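1. Could you look at this predicted model? Sequence included:
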Amino acid sequence: MPERLDDGGRTVPIALAVHRGTATAALADGNGIVQVFRLRPGVPASPIGHHDTGHVPYRLAFADPRATTLAVGGWSGSITILRSAVQGRPAVLRMQHGEPAVDLVPLGETDQSMLVASRGITGLARVWSVLASSGAAAEPPVTSMTAVAADERQLLLVAASAGAERLRCWAVDPGRGRAEALPDIHHLGGASVVTAARLGDRAWLATAGETGTVLWTVTERLDVRIEDTYPADQPDVEHVVLGANPRLVLGTAGPEHLRLRIASGPKLVDPEDECVTALVAEQIGDRLLVAAGNDDGEVRIVEFDAPAVRTVHQGRPVAAVALLLVGGNLTIVAADRYNGLVAVPETAIEGIPWQISHLVTVPASRGRRLFGVADRPPRLLSWVIGEDGRLRLDRTLSGELRGDPRQVARTESAMAVADGGGQLLLVDGDAAEVTAANLNVTIDALAGIPGTEMFVAARGGRLICVARNDGGASAGKSQAAGPG
């Protein structure tokens, strides 16, 4: 059966699943509407499910033969997962592939998840693990987490599940390696990404989704209150930015936009047709630094004084960016999708013949060391900044991963990377000493706890607290990611 049907000159995405003699078909139109049908011999088909994905579909694929989960690849680069797709109101999970015209291929099922591969217009490929639904009610998987210090003792952790309005909150106790549940907060229309920052003597939280961005204040008692809301006209949000320059700056970015504004004030930058594939924001004193890479191969920096967005490098499509201080001067390092590395201004960086998926700096050692994560072969890397300003690969670092890198996070003095083999590597940001924690599961999200070398991992609806202790790693008890 064809994957796309010619309907009177219109190409229509379709999908088919057959289980125990029962056929289920899905068909999409150009307005983002997906209809699901049961097919029976000699019986006219009528829709049994009707879903508005919000995007123009490019490809449909059932992730399992039972047709319980439908994946929708969009022209814009979006991926929408519809669970229980034959029912009237499915659970919805939204993701971003990173480039437009997303093709989809189901890869089969494991005991706990379904695997779906996606491929974009230039060949960028990803594999997604979608948790299989069960009969019992369960917390939705956490897809984005952030943490902030409300004061010297109080630490807040906030988690979002893509597309869900409810965001879960915890008070984190690093000394005990515990996270105690707090009341939920709600982002109308659903949030997909979250970030937080302590700026001056105040703690802030930002949540962003398809319907808009919300700015929250966090009190010393860990109460979270809405400060302001900003409706969205660019639905695909992959990044949210929060910082001060010196006024409070809030922004979002995704496959179709890069937008920064003064909180409760005017827009600063909003370039058209900005297909952001990588973004980094660093707060250095009262100065906010923002750099982005896009699908056109441009590396761009936001100049807040103008305000404007300036291109500092033109090359191949960008996969990752990082900001360094080399000799006290700002340097942007970018990795492209074809194993290329560049440092701007012209600073020599030792290249490697591998694809870099993440570039990370740790604030305590930003002027001395850069970390990178390679997809193939999967491993953690580091470069040391020499007195001559050159970035040389640190070959003493032992950072082999058991599987593909899945999640990366940092604190002020450490960074961590989780792989597909259930391992979490924790790295001292200065000496680059690597220790490993065996989690035995592949995690969905990872966040660093400010002021510590502790990280919180999420698997489905549960949390695992992991900390570096005297060069080693210890894992706290797995905890339910919900009220309790």
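-> Thanks, I have it. Numbering: from 1, shown residues only.
2. C-alpha only now, for contacts and for neighbours.
-> Noted.
3. in stretch 272-291, what's buried?
-> For stretch 272-291, a neighbour-count test (16 or more other C-alpha atoms under 10 Å) marks 274-283, 288-291 as buried.
4. Can I get the residues you listed in JSON lines including distance to residue 165?
-> JSON lines is the format used below for these (distance: C-alpha to C-alpha, whole Å):
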{"residue": "274", "distance to residue 165": "27"}
{"residue": "275", "distance to residue 165": "26"}
{"residue": "276", "distance to residue 165": "25"}
{"residue": "277", "distance to residue 165": "25"}
{"residue": "278", "distance to residue 165": "26"}
{"residue": "279", "distance to residue 165": "25"}
{"residue": "280", "distance to residue 165": "26"}
{"residue": "281", "distance to residue 165": "26"}
{"residue": "282", "distance to residue 165": "28"}
{"residue": "283", "distance to residue 165": "29"}
{"residue": "288", "distance to residue 165": "29"}
{"residue": "289", "distance to residue 165": "30"}
{"residue": "290", "distance to residue 165": "28"}
{"residue": "291", "distance to residue 165": "29"}
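5. What residues are bridge-paired with residue 299?
-> With DSSP bridges as the criterion, residue 299 is bridged to residue 293, residue 313.
6. okay but it is in contact with residue 314, surely?
-> Yes. The pair residue 299 / residue 314 is scored as a contact, 6.5 Å apart, by C-alpha atoms under 8 Å.
7. sorry, back to before: tell me which of the buried residues of stretch 272-291 has the lowest pLDDT.
-> Sorting the buried residues of stretch 272-291 by pLDDT puts residue 274 at the bottom of the list (78).
8. That one: what's it in contact with?
-> 255-258, 294 (C-alpha atoms under 8 Å, 6 or more residues apart in numbering).
9. returning to that earlier point: quick one: which of residue 299 and residue 314 has more around it?
-> residue 299 (30 against 14; other C-alpha atoms under 10 Å).
10. Spatially nearest residue to residue 349, not counting backbone neighbours?
-> Spatial nearest neighbour of residue 349, chain neighbours left out: residue 391 (4.5 Å); criterion: C-alpha to C-alpha, 6 or more residues apart in numbering.
11. CA atoms only: put the helix or strand containing residue 243 into CSV for me.
-> Using DSSP states H and E, residue 243 falls within strand 239-244. C-alpha atoms of strand 239-244 as CSV (Å, rounded to 0.1, in the frame of the first residue of the first chain):
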residue,chain,number,x,y,z
HIS,A,239,14.3,26.3,23.2
VAL,A,240,13.4,28.8,25.8
VAL,A,241,15.9,31.5,27.0
LEU,A,242,15.9,33.4,30.3
GLY,A,243,18.5,35.9,31.4
ALA,A,244,19.4,39.5,32.1
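12. helices or strands up against that strand?
-> Applying 3 or more C-alpha pairs under 8 Å, 6 or more residues apart in numbering; DSSP states H and E, we find strand 239-244 packed against strand 193-199, strand 202-209, strand 248-254, strand 276-284, strand 287-294.
13. for this protein, what's the longest strand?
-> Assignment by DSSP state E gives strand 178-191 as the longest strand of the chain.
14. quick one: strands adjacent to it?
-> Counting by DSSP bridges, strand 178-191 is paired with strand 164-173 (antiparallel).
15. Name the residues that touch the partner strand?
-> Outside strand 164-173, the residues that touch it by C-alpha under 8 Å, 6+ apart are 154-161, 178-192, 222, 481-482.
16. same thing but 6 Å
-> When contacts are defined by C-alpha atoms under 6 Å, 6 or more residues apart in numbering, strand 164-173 is touched by residues 155-160, 178-182, 184-190.
17. what's the answer for stretch 320-328, then?
-> 278, 330-335, 358-359, 366-367, 389.
18. I'd say residue 162 and residue 194 touch.
-> No. Look at residue 162 against residue 194 with C-alpha atoms under 6 Å: they stay out of range, at 10.3 Å.
19. Compare the two and say which one has the larger neighbour count.
-> Higher neighbour count among residue 162 and residue 194: residue 194, with 26 against 22, using other C-alpha under 10 Å.
20. if we can go back for a sec, what's the spacing between the strand holding residue 243 and its chain's center?
-> Here strand 239-244 is found 14 Å from its chain centre; the criterion is C-alpha atoms, centre = their mean, to the nearest Å.
21. Walk me through the domains of this structure.
-> 4-131, 316-400 (automatic domain parsing).
22. With adjacent residues omitted, what lies nearest to residue 261?
-> Residue 261's closest residue in space is residue 267 (C-alpha to C-alpha, 6+ apart), at 4.0 Å.
23. and the gap between residue 261 and residue 376?
-> Going from residue 261 to residue 376 by C-alpha to C-alpha, to the nearest Å gives 38 Å.
24. neighbour count winner among those two?
-> When residue 261 and residue 376 are compared on other C-alpha under 10 Å, the one with more neighbours turns out to be residue 261, at 19 against 14.
25. which residues does that one contact?
-> 249-250, 267-268 are the contacts of residue 261 under C-alpha under 6 Å, 6+ apart.
26. Please list only the buried members of those.
-> Buried among the contacts of residue 261 by 16+ other C-alpha under 10 Å: 249-250, 268.
27. Turn these into JSON lines, columns for pLDDT and distance to residue 418.
-> Conversion of those to JSON lines gives the following (pLDDT from 0 to 100; distance: C-alpha to C-alpha, whole Å):
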{"residue": "249", "pLDDT": "95", "distance to residue 418": "30"}
{"residue": "250", "pLDDT": "95", "distance to residue 418": "28"}
{"residue": "268", "pLDDT": "89", "distance to residue 418": "35"}
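28. still on that earlier bit, out of the contacts of stretch 320-328, which one sits closest to residue 226?
-> Residue 226 lies nearest to residue 278 out of those, by C-alpha to C-alpha, at 28.1 Å.
29. I'd say the closest one and residue 295 touch.
-> No. Applying C-alpha under 6 Å, one finds residue 278 not in contact with residue 295, separated by 9.1 Å.
30. Could you list the low-pLDDT ranges of the stretch 51-200 of the chain?
-> Scanning the stretch 51-200 of the chain with the threshold set as pLDDT under 70 gives 83-92, 110-112, 131-138.
31. picking that back up, can you give me the neighbour number for the residue nearest to residue 349?
-> Counted with other C-alpha under 10 Å, residues neighbouring residue 391 total 22.
32. Please apply the same query to residue 151.
-> 17.
33. ok, residue 117 to residue 392 distance?
-> Taking C-alpha to C-alpha, one finds residue 117 at 35 Å from residue 392.
34. scratch that, residue 437 is what I was asking about
-> 28 Å.
35. can you check residue 182 too?
-> Remark: distance between residue 182 and residue 392 (C-alpha to C-alpha) = 45 Å.
36. so who does the closest residue to residue 224 other than its chain neighbours touch?
-> Nearest residue to residue 224, sequence neighbours excluded (C-alpha to C-alpha, 6+ apart): residue 218, at 4.7 Å. By C-alpha under 6 Å, 6+ apart, residue 218 lies in contact with 203-204, 224.
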